[in-house]
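Colleague: output the structure for:
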Amino acid sequence: MMKLHLFFLAALTSHFFLASDAWRFWRKNSQCPSRNGASPYFFGTTDLNCMMAQRDKFKRSVPKRNIWSYIHRFVYYRGKYFDFLRNSRVKISSSRLNGHVCSGRMEGKPAGYSQLNLSCIMGCAKNYPCKYGKYFFLWNNCHRFANKLSEVLCSSGAQCPSWCLGNCNTTLVN
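Modeller: Below you'll find the model as predicted:
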């Protein structure tokens, strides 16, 4: 009985120390369009220790991650990187945030495919803080931001959600 408890404890706690995307290898992207006529998007990560060290060096705000997700997550779609920062700002860029000094990776296989145009998903990213609130390290962090963008990319078809249209007057980091 003790071995069974230790097994479950190890399985549960290892989730906190590993990237959670590895735990969902069995899930299919059934809501996402097939690759025909759609563009791929990817999840990726950046070494958070390095990003935090760069904050002081370059005076940039970076998200703080909790222990079980001690990485920064971004979404890459149609040549753009989408990041949600701890100062509740969104960064959209053609280069990875701190990619010139911090190690990181993009998943080898697309997370899904989308028919949305780039201006729509840029609007979703810019309006995210107005729709979902300010950054909070426990529940409104870069991981939730990436998951919400994935949800929009995956399940919206070619129709841009209404909350992504217009400008909610958030600050965008260049």
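Colleague: going forward, measure contacts between C-alpha atoms and count neighbours the same way
Modeller: OK.
Colleague: if you count residues, which strand in the protein comes out on top?
Modeller: strand 39-47 (DSSP state E).
Colleague: what about the strands in the protein?
Modeller: Using DSSP E, strands in the chain cover 39-47, 71-77, 80-84, 90-93, 104-106, 112-114, 172-173.
Colleague: show me what the third one is packed up against.
Modeller: Identification of packing neighbours for strand 80-84 by 3 or more CA pairs under 8 Å, 6 or more residues apart in numbering; DSSP states H and E yields strand 71-77, strand 90-93, helix 142-155.
Colleague: the first one pairs with which strands?
Modeller: Read it as strand 71-77. Strand 71-77 pairs in its sheet with strand 39-47 (antiparallel), strand 80-84 (antiparallel), by DSSP bridges.
Colleague: now do the same end-to-end measure for stretch 132-151.
Modeller: Using CA to CA, to the nearest Å, the end-to-end distance of stretch 132-151 comes out at 14 Å.
Colleague: of all the helices and strands packed on strand 80-84, which one is nearest residue 47?
Modeller: strand 71-77 (5.8 Å; CA to CA).
Colleague: and the average pLDDT for the closest one is what?
Modeller: For strand 71-77, the mean pLDDT works out to 90.
Colleague: ok, now stretch 127-142?
Modeller: Mean predicted lDDT for stretch 127-142 stands at 90.
Colleague: ok, stretch 43-62 next?
Modeller: Taken as a whole, stretch 43-62 has a mean pLDDT of 61.
Colleague: still on that earlier bit, make a markdown table out of the helices and strands packed on strand 80-84 and add distance to residue 119 and mean neighbour count.
Modeller: Formatted as a markdown table, the helices and strands packed on strand 80-84 follow (distance: least, CA to CA, whole Å; neighbours: other CA atoms under 10 Å):
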| stretch | distance to residue 119 | mean neighbour count |
| --- | --- | --- |
| strand 71-77 | 11 | 25 |
| strand 90-93 | 11 | 20 |
| helix 142-155 | 12 | 21 |
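Colleague: do you know which of these lies nearest residue 121?
Modeller: Among these, the nearest to residue 121 by CA to CA is helix 142-155 (7.4 Å).
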